[in-house]
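[1] This is a predicted model, with the sequence first.
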Amino acid sequence: MKLLDISEVASASGLSVPTLRYYEDQGLISSAGRHGLRRQYLPGVLMQLTLINMGKSAGFSLTEIAAMFNKDGLPALPRDELHRRADQLERQMQELAVLIRALRHVADCTAPSHLECPSFQRLMRASDRVQKRRATKNGDRKAPV
């Protein structure tokens, strides 16, 4: 099996060589050996790096991502945690949709004052409900100011 040089892995993954070294130091990936001073990797490392990138995009920390791999580098994905994260992302998308509507309305509204606009008032109330729900979920006694 052909090993990939660290520069080949960097090129194929779009990650920098220092990032690959850091991931190795953190136990996210492992090299198969060295050719001189250059680290060599099995081709499967590219799949691992794709999964790491997906995990980061989903908001998982590198520590959480590292725990999602077996010692042999194969994924051991915690399905319950993935469902929780997907639910969290879905809620975040809904919150962002409210914010997008508010921003577009502010940008396009012809009212002399946005505070007098009924549509903008509804969007502000919706945003306030989201903030209060988030504060309650996080254990805050009152909504953030």
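    That came through, no problem.
[2] rest of the way, CA atoms for contacts and neighbours
    Noted.
[3] Show me the residue at the heart of this structure, geometrically.
    The centre of the chain sits closest to Ser57, judged by C-alpha atoms, centre = their mean, with a distance of 2.5 Å.
[4] what separates that one from Asp108, distance-wise?
    Ser57 sits 31 Å away from Asp108, going by C-alpha to C-alpha, to the nearest Å.
[5] I'd guessed Ile6 sits against Thr19; true?
    No: Ile6 is beyond contact range of Thr19, at 10.6 Å (criterion: C-alpha atoms under 8 Å).
[6] Among those two, which residue is more densely surrounded?
    Counting neighbours by other C-alpha atoms under 10 Å for Ile6 and for Thr19 shows that Ile6 has the greater number, 20 against 11.
[7] Beyond whichever helix or strand Glu81 is part of, next helix or strand please.
    Assigning secondary structure by DSSP states H and E places Glu81 in helix 79-108. Downstream of helix 79-108, the next assigned helix or strand under DSSP H and E is helix 118-137.
[8] in that next one, what counts as buried?
    Counting neighbours by 16 or more other C-alpha atoms under 10 Å, one finds that the buried residues in helix 118-137 are Phe120, Leu123, Met124, Ser127, Val130, Gln131, Lys132.
[9] And the average pLDDT for it is what?
    In this model, helix 118-137 has a mean pLDDT of 78.
[10] Run the angle between that helix and helix 79-108 for me.
    Orientation check (axes from the mean of the first three to the mean of the last three C-alpha atoms, to 10 degrees): helix 118-137 against helix 79-108 gives 150 degrees.
[11] I'd like to know which elements helix 118-137 is packed against.
    Here helix 118-137 touches helix 79-108, going by 3 or more C-alpha pairs under 8 Å, 6 or more residues apart in numbering; DSSP states H and E.
[12] What helices and strands are in contact with the helix it packs on?
    Packing partners of helix 79-108 (3+ C-alpha pairs under 8 Å, 6+ apart): helix 118-137.
[13] How far off centre is the helix it packs on?
    On the basis of C-alpha atoms, centre = their mean, to the nearest Å, the separation between the geometric centre of helix 118-137 and that of its chain is 24 Å.
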